[in-house]
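Colleague: this is a predicted model, with the sequence first.
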Amino acid sequence: MKNRAQRRVRGIMEGKYSKLKNGTDVRGTAIEVAGDPVTLTDGAVLDIARAFCAWLEKRGLSRPTIAVGHDSRLSAGRIVDKLTEGIVSCGANVILTGLSSTPSMFMLLRDGFGADASVMVTASHLPFQKNGLKFFVKEGGLESGDVGEILSLAEHAVPSPVRGKVEKRPYLETYSAALVEKVRRATGEERPLEGKRILVDAGNGAGGFYESLVLRPLGAITEGSQFLDPDGSFPNHIPNPENEDAMRSVCEAVKRNRADFGIIFDTDVDRAGAVSSSGEEINRNRLIALISAILLEERQGATIVTDSVTSDGLSAFIRARGGVHHRFKRGYKNVINESKRLNAEGIYSPLAIETSGHAALMENYFLDDGAYLVTRLLIALSKAAKEGKDLMDLIADLPEPKEAREIRLTFAEGVDFKTLGGGVIEDLKRAAGNLPGLSLAPDNYEGVRINFDRSHGDGWALIRMSLHEPIMPINVESNTEGGNAVILASLRELLKGYSFLNTDKLD
């Protein structure tokens, strides 16, 4: 009884809508499925819409104009309707942009579109029943604290006696035209991709526009592109460049169609992956290496900020090109803010990028934009073709591990996993420094990264806590076949004494 009362009090203190906060986004269940009731209700969306208006008013934007866009999710129509109702009820105006990408919802604020702020309805790569909200102002996407404040305000949101107006005005064509113009300026040609077979896999998300509005105007042959039509049931595969089935599908499409290049987007196009002409995936460390090589050709000495799970081979690759590799915490906002911090201190850092495919370039407002990243790669592909080279020549010398794996350990139900997990990581830091063949990595900002010498697995392991779930992910890489098994055996010994942690996956 006492524990239930404590949980009730804690729930009241945390606030009615606090559980909808997911980092810098609002996310919840929008379509009921077994065991997953709706949390992003009509009432919640109405309250959050009014709270966003109140938040904007506190910052001097009274009766603002707010653009509202959405990806292909099945619940998008309902949520857009309630967002619109909530915004208009505060006396603010709405511009409905229809099917949109998340990056385009920020770019329209910089482009004289007539909006003061924007909301994107999306839940990125999450299952079909989920949905969420991303918020933008002209300075950029809202931070975690801003979203927390909006959710707190939502508990007391009230309508205004004045009603705003609604208009429909798409923006994706304008956004795409700017990407086309960027390629033309960089290459000096109207159709620099003429004769190149380049296909897009949009996974039935919002990214199908890239095939018709960007590639074709640049001369590309796009036959073989797949899953371009928006369909929020995601009938073919999850729109996620990190998903194995999704990457396998686009790689096979490239080989089947003998394409020169393949592109895959996530649902709302803030992430991307790519495929070489040989059907080899350009993802994670390879994707980071490729865009890093392009930027370091333009200016040496650049500091490339990545998340914590990048490989030692990537670090060596960046150093060999006169750059600095700066690992930081996972979370796209974390790497972006770290890159911004370095620039503010006078350290040139043009790129913040996660292994997930979130890539933000300083030249593009540090906006994580999958379409912009791919456009940068296409410029490099066009230039390489003129010189009789292949784009993959840029990363031909990237050292790749023999083995790479991620394991996700779970905690016993009901435990304080954040406190217990933090204690495990501190114990590992102490233990690793005193065991033969093991040493702590000097450049670590998250969890504990342990190096294993050649006789103890010839690689490294990163043990960290998930940002939001009761999970302890472990990333392991080895330069020797069979090395991962040796490293995992060492970790099993180190972790076997923690009864609240399920270590079966280490066996």
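Modeller: Nice, thanks for sending it over.
Colleague: distance of Arg50 from Ala360?
Modeller: Counting by Cβ to Cβ, to the nearest Å, the separation of Arg50 from Ala360 is 30 Å. (C-beta placed from N, C-alpha, C; glycine too.)
Colleague: part of a strand, is Arg449?
Modeller: Yes - assessed with DSSP: H, G, I helix; E, B strand; the rest coil, Arg449 lies in a strand.
Colleague: burial count for the closest residue in space to it that isn't next to it in sequence?
Modeller: Leaving aside its sequence neighbours, Arg449 sits nearest to Ala441 (Cβ to Cβ, 6 or more residues apart in numbering; 3.9 Å). Using other Cβ atoms under 10 Å, Ala441 has 16 neighbouring residues.
Colleague: mind checking the SS state of His326?
Modeller: strand.
Colleague: how about it: which residues does it bridge to?
Modeller: Beta-bridge pairing of His326 under DSSP bridges involves Val305.
Colleague: tell me how many other residues crowd it.
Modeller: Using other Cβ under 10 Å: His326 sits among 20 other residues.
Colleague: spit out the contact partners of it.
Modeller: Counting by Cβ atoms under 8 Å, 6 or more residues apart in numbering, His326 makes contact with Thr303, Ile304, Val305, Thr306, Glu338, Leu342, Ser349, Asp443.
Colleague: filter those residues to the buried ones?
Modeller: Thr303, Ile304, Val305, Thr306, Glu338, Leu342, Ser349 (16 or more other Cβ atoms under 10 Å).
Colleague: hmm, Leu342 and the last one touching each other?
Modeller: Yes - judged on Cβ atoms under 8 Å, Ser349 makes contact with Leu342 at a distance of 4.3 Å.
Colleague: shared neighbours of these two, which are they?
Modeller: What both Ser349 and Leu342 touch, as defined by Cβ under 8 Å, 6+ apart, is the set Thr303, Val305, His326.
Colleague: from these, which is closest to Glu57?
Modeller: Ranked by distance to Glu57 (Cβ to Cβ), the shared contacts of Ser349 and Leu342 are led by Val305 at 34.5 Å.
Colleague: give me the pLDDT for that closest one.
Modeller: At Val305, the model reports a pLDDT of 98.
Colleague: against Arg321, how distant is Trp360?
Modeller: One thing to correct before we go on: residue 360 is Ala, not Trp. Ala360 is 20 Å from Arg321, by Cβ to Cβ.
Colleague: these two - which one has more neighbours?
Modeller: Between Ala360 and Arg321, Ala360 has the larger neighbour count (other Cβ under 10 Å), namely 27 against 17.
Colleague: please name every helix or strand in contact with the helix or strand encompassing the more buried one.
Modeller: Using DSSP states H and E, Ala360 falls within strand 359-361. Judged by 3 or more Cβ pairs under 8 Å, 6 or more residues apart in numbering; DSSP states H and E, the packing partners of strand 359-361 are helix 284-298, helix 332-344, strand 351-353, strand 367-368, helix 370-386.
Colleague: try it again at 6 Å.
Modeller: Counting contacts by 3 or more Cβ pairs under 6 Å, 6 or more residues apart in numbering; DSSP states H and E, strand 359-361 packs against strand 351-353.
Colleague: can you give me the strands in the stretch 401-507 of the chain?
Modeller: 403-411, 438-440, 448-452, 459-463, 471-478, 501-502 (DSSP state E, counting those that start in this stretch).
Colleague: return the distance of the fourth one from the chain's centre.
Modeller: Going back to what we said before, that points to strand 459-463. Computed by Cα atoms, centre = their mean, to the nearest Å, the chain-centroid distance of strand 459-463 equals 22 Å.
Colleague: in its sheet, what does it sit against?
Modeller: Strand 459-463 has these strand partners (DSSP bridges): strand 448-452 (antiparallel), strand 471-478 (antiparallel).
Colleague: tell me the mean pLDDT for the shortest one?
Modeller: Per-residue confidence for strand 448-452 averages out to 95 on the pLDDT scale.
Colleague: repeat for stretch 417-429
Modeller: 95.
Colleague: run the chain-centre distance for it.
Modeller: That offset, for stretch 417-429, works out to 26 Å (Cα atoms, centre = their mean).
Colleague: contacts for that stretch?
Modeller: Contacts to stretch 417-429, defined as Cβ atoms under 6 Å, 6 or more residues apart in numbering, come from residues Phe411, Gly447, Val448, Met465, Pro470, Met472, Tyr498, Phe500.
Colleague: hmm, back to that, deepest of the strands paired with strand 459-463, which one?
Modeller: strand 448-452 (a mean of 23; mean count of other Cβ atoms under 10 Å).
Colleague: contacts for it?
Modeller: Residues contacting strand 448-452 (Cβ under 6 Å, 6+ apart): 425, 428-429, 432, 438-439, 441, 459-463, 487.
Colleague: so can I have JSON lines of the residues you listed showing distance to Ser62?
Modeller: Formatted as JSON lines, the contacts of strand 448-452 follow (distance: Cβ to Cβ, whole Å):
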{"residue": "Ile425", "distance to Ser62": "47"}
{"residue": "Leu428", "distance to Ser62": "52"}
{"residue": "Lys429", "distance to Ser62": "51"}
{"residue": "Ala432", "distance to Ser62": "56"}
{"residue": "Leu438", "distance to Ser62": "59"}
{"residue": "Ser439", "distance to Ser62": "58"}
{"residue": "Ala441", "distance to Ser62": "50"}
{"residue": "Gly459", "distance to Ser62": "57"}
{"residue": "Trp460", "distance to Ser62": "53"}
{"residue": "Ala461", "distance to Ser62": "53"}
{"residue": "Leu462", "distance to Ser62": "47"}
{"residue": "Ile463", "distance to Ser62": "49"}
{"residue": "Ile487", "distance to Ser62": "58"}
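Colleague: that'll do, ta.
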